[in-house]
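1. what would the 3D arrangement of this be:
(one chain, ligands or ions: 1)
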Amino acid sequence: MARQKLTAVRGVKDILPEEARRWSEAERVAREIFARYGYGEIRVPTFERTELFSRGIGDSTDIVTKEMYTFEDKGGDSITLRPEATASICRAYVQNSLYAQAGVAKLFCMGPMFRYERPQAGRYRQFHQIDAEALGTDDPALDAEVIFMLMEFLEAVGLAGLSLQLNNIGDAECRPVYAAALLEFLKKETAGMGADLAERIERNPLRFLDSKDPDHAEIISRAPTIDQYWNKRCRNHFDTLCRHLDRGGVRYERNPALVRGLDYYCLTVFEVTSEDLGAQNAVCGGGRYDGLVEELGGPPTPAIGFAIGMERLLQLTGKAGPGTGGESVEYPIEVFIVALGESAEAESLTLASELRGRGLRADRTFGGGSMKSQMKRADRSGARYVIVLGDDEIAGGVVALRDMAESQQEKIERAGIGDHLCARLRA
Ligand code: HAM
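-> Numbering: from 1, shown residues only. Just a heads-up that it's a prediction; the model follows:
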């Protein structure tokens, strides 16, 4: 009886070579652009102590209360697969005393994140982010620079028609005043809509502004907004940032209802959205988190960053996106070896190694088969040149070289085939 087929767990996906090529290209573009802005790569662990995320992201957030992959390891420690990278990068920044270096620390990281969310289009349980963080100043010029870099990257990978939503969610002084006013308003407006909602509003009234429930939209439209409560510092920060963005030619929409789902944010927050993504419409989210480094035991360090969701990015770039641009990313096979008979098969292994040693991309048939079936495989490989090896060729110290584009075949000395192909393919 056939064994039952094993499948991947719900909410994860395989990235097959065709798509992986586009991923690599997007990553390559990110590396190139981020380097121009002075960012260095950091690779942080995929799992951390649970406490890092509960303290960093916030105990009452959806991520921490519902979505973390948490388990006890064999030593009894509570471990969590990282749901995002910002907390880990801040931990690494503190642990490795990166603050001791002068200036702003600019770091980026790429890799998988894990959230136990309900899977749907554009929402996975293992997904991937390109994350950039800049730590060390509260100057709004840094906010602007981070946004310039983000928009330059999104444009470079071919995204158009995006909307940059911008807000300032206040600081430790003005946000609590706003939150209290919002709570008062929401308590009145949502009375009778259930104990569960009342409890959620009580815990964090700002989260209500993020509600996708159509019944809430009208209430949200009448709710007080943070800009009415900004203190001088927040207003100045926002105005200065807007001026920088205007001067840099970056278009944005002021969205006073944008709150974001992680607790570490203060002042600037932003999201880049696309109508083409459906319900999960954010391709990138970010903002300031001036208190997080200190919360994790480091010195006071204002900071800002963003994370781009790779799956959503590539969903938007589609087939015409990064990685469809030709040879530099595609690496097609150049030479394919067809071998007829036992000694030719053995020789094919040696010849393929020899060609690869010369820097050529070579492949061969495995498992023999007729000339016709092997030629079919050679054709499918897309290789320009096919080498045919049979007993006659081996005995004569030659190979038959077929140019698939010209439909021509010639005999070449076995000893000189490497030079011959290099001259043709690498001239
Ligand atoms: P976030 O908004 O939670 O922010 O996630 C950033 C992006 O990751 C989202 O805009 C989305 O594109 C993608 N994403 C999130 N969850 C999923 C999912 N389940 N499936 C597919 N894609 C997803 C953060 O993670 C912050 N750490 C960003 C940041 C960096 N803020 C400051 N620095």
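2. break down the stretch 201-350 of the chain into its strands, ranges please.
-> 253-254, 266-273, 282-288, 303-309, 335-339 (DSSP state E, counting those that start in this stretch).
3. Glu155 is nearest to which of those?
-> Glu155 lies closest to strand 266-273 among the strands of the stretch 201-350 of the chain, at 11.2 Å (CB to CB). From N, CA and C alone the C-beta is placed, and that goes for glycine too.
4. ok, whichever residue of the stretch 201-350 of the chain sits closest to the ligand to Ile219 distance?
-> Minimum separation of the stretch 201-350 of the chain from the ligand (CB to the nearest ligand atom) falls at Gly309, amounting to 2.2 Å. Distance check for Gly309 against Ile219: by CB to CB, to the nearest Å, it reads 29 Å.
5. and Gln408, its phi and psi?
-> phi -120, psi 150 (degrees, to the nearest 10).
6. still on that earlier bit, Gly309 and Ile219: who's more crowded?
-> The residue with more neighbours, out of Gly309 and Ile219, is Gly309; 22 against 18, by other CB atoms under 10 Å.
7. tell me the contacts of the residue of the stretch 201-350 of the chain closest to the ligand?
-> Contact analysis of Gly309 by CB atoms under 8 Å, 6 or more residues apart in numbering lists Gly122, Phe127, His128, Gln129, Ala282, Val283, Cys284.
8. the last one touches Leu316, doesn't it?
-> No: at 10.9 Å, Cys284 and Leu316 do not qualify as touching, with contact defined as CB atoms under 8 Å.
9. quick one: which of those two has more around it?
-> Legend: neighbour count by other CB under 10 Å for Cys284 and Leu316, higher for Cys284 (26 against 20).
10. rewinding a little: so which of the strands of the stretch 201-350 of the chain gets nearest Gly38?
-> Closest to Gly38 of the strands of the stretch 201-350 of the chain, according to CB to CB: strand 303-309, at 14.0 Å.
11. quick one: mean pLDDT for that closest one?
-> Taken as a whole, strand 303-309 has a mean pLDDT of 98.
12. gap between the closest residue to Ala8 other than its chain neighbours and Val283?
-> Nearest residue to Ala8 in three dimensions, chain neighbours excluded: Asp14, at 6.7 Å (CB to CB, 6 or more residues apart in numbering). Separation of Asp14 from Val283 (CB to CB): 21 Å.
13. quickly find the element holding Glu32.
-> helix 17-36 (DSSP states H and E).
14. check which residues of that helix are buried.
-> Buried residues in helix 17-36, counted by 16 or more other CB atoms under 10 Å: Arg21, Arg22, Trp23, Glu25, Ala26, Glu27, Val29, Ala30, Ile33, Phe34.
15. got the contact list for the third one?
-> So the one you mean is Trp23. Taking CB under 8 Å, 6+ apart, we find Trp23 in contact with Ile15, His128, Met310, Leu314, Gly323.
16. tell me the two of those residues that are most distant?
-> His128 and Gly323 (14.8 Å).
17. comparing these two, which residue is more hemmed in?
-> Gly323 (24 against 21).
18. so who does Arg254 touch?
-> Applying CB under 8 Å, 6+ apart, the residues near Arg254 are Leu166, Asn167, Asp227, Cys242.
19. pLDDT at it, what is it?
-> Here the pLDDT value assigned to Arg254 is 96.
20. coming back round to it: buried ones only from the contacts of Gly309, please, as a ChimeraX command.
-> Filtering the contacts of Gly309 down to the buried ones (16+ other CB under 10 Å) takes a single ChimeraX command:
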select :122,127,128,129,282,283,284
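21. the contacts of Gly309: which two are farthest apart?
-> Pairwise distances across these peak at 14.7 Å for His128 and Ala282 (criterion: CB to CB).
22. please report phi then psi for Ser211.
-> Dihedral angles for Ser211 - degrees, to the nearest 10 - are phi -60, psi 140.
23. up against the ligand, what does the stretch 51-200 of the chain have?
-> Residues of the stretch 51-200 of the chain lying near the ligand by CB under 6 Å from any ligand atom: Glu84, Thr86, Arg115, Glu117, Arg123, Tyr124, Phe127, Gln129, Asp131, Glu133.
24. can I get those in a markdown table including pLDDT and secondary structure?
-> Shown next, in a markdown table, are those (pLDDT from 0 to 100; DSSP: H, G, I helix; E, B strand; the rest coil):
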| residue | pLDDT | secondary structure |
| --- | --- | --- |
| Glu84 | 98 | coil |
| Thr86 | 98 | helix |
| Arg115 | 98 | coil |
| Glu117 | 95 | coil |
| Arg123 | 95 | strand |
| Tyr124 | 97 | coil |
| Phe127 | 98 | strand |
| Gln129 | 98 | strand |
| Asp131 | 98 | strand |
| Glu133 | 98 | strand |
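25. which one of those residues is nearest Leu296?
-> Comparing those against Leu296 with CB to CB places Thr86 closest, at 10.6 Å.
26. please name the nearest non-neighbouring residue to Glu72.
-> Closest residue to Glu72 apart from its sequence neighbours, by CB to CB, 6+ apart: Ser78 at 5.9 Å.
27. could you measure Ala415 against Gln374, distance?
-> Counting by CB to CB, the gap from Ala415 to Gln374 is 24 Å.
28. the two: who's more crowded?
-> Set Ala415 next to Gln374 and count neighbours by other CB under 10 Å: Gln374 wins out with 22 against 9.
29. residues touching the more buried one, list them.
-> By CB under 8 Å, 6+ apart, the contact set of Gln374 is Val338, Ala339, Leu340, Thr365, Gly368.
30. PyMOL command to pick out the buried ones of those?
-> In PyMOL, a selection of the buried entries from the contacts of Gln374 looks like this (16+ other CB under 10 Å):
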select buried, resi 338+339+340+365
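31. pretty sure Gly341 sits against Gly390.
-> Yes: look at Gly341 against Gly390 with CB under 8 Å: they come within range, at 6.1 Å.
32. any chance of TSV for the strands of the stretch 201-350 of the chain, columns distance to Gly297?
-> Converted to TSV, the strands of the stretch 201-350 of the chain look like this (distance: least, CB to CB, whole Å):
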stretch	distance to Gly297
strand 253-254	35
strand 266-273	18
strand 282-288	19
strand 303-309	15
strand 335-339	57
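33. can you give me the pLDDT of the nearest residue to Pro332 once chain neighbours are set aside?
-> In space, and not counting its chain neighbours, Pro332 is closest to Gly382: 5.0 Å by CB to CB, 6+ apart. Gly382 carries a pLDDT value of 93.
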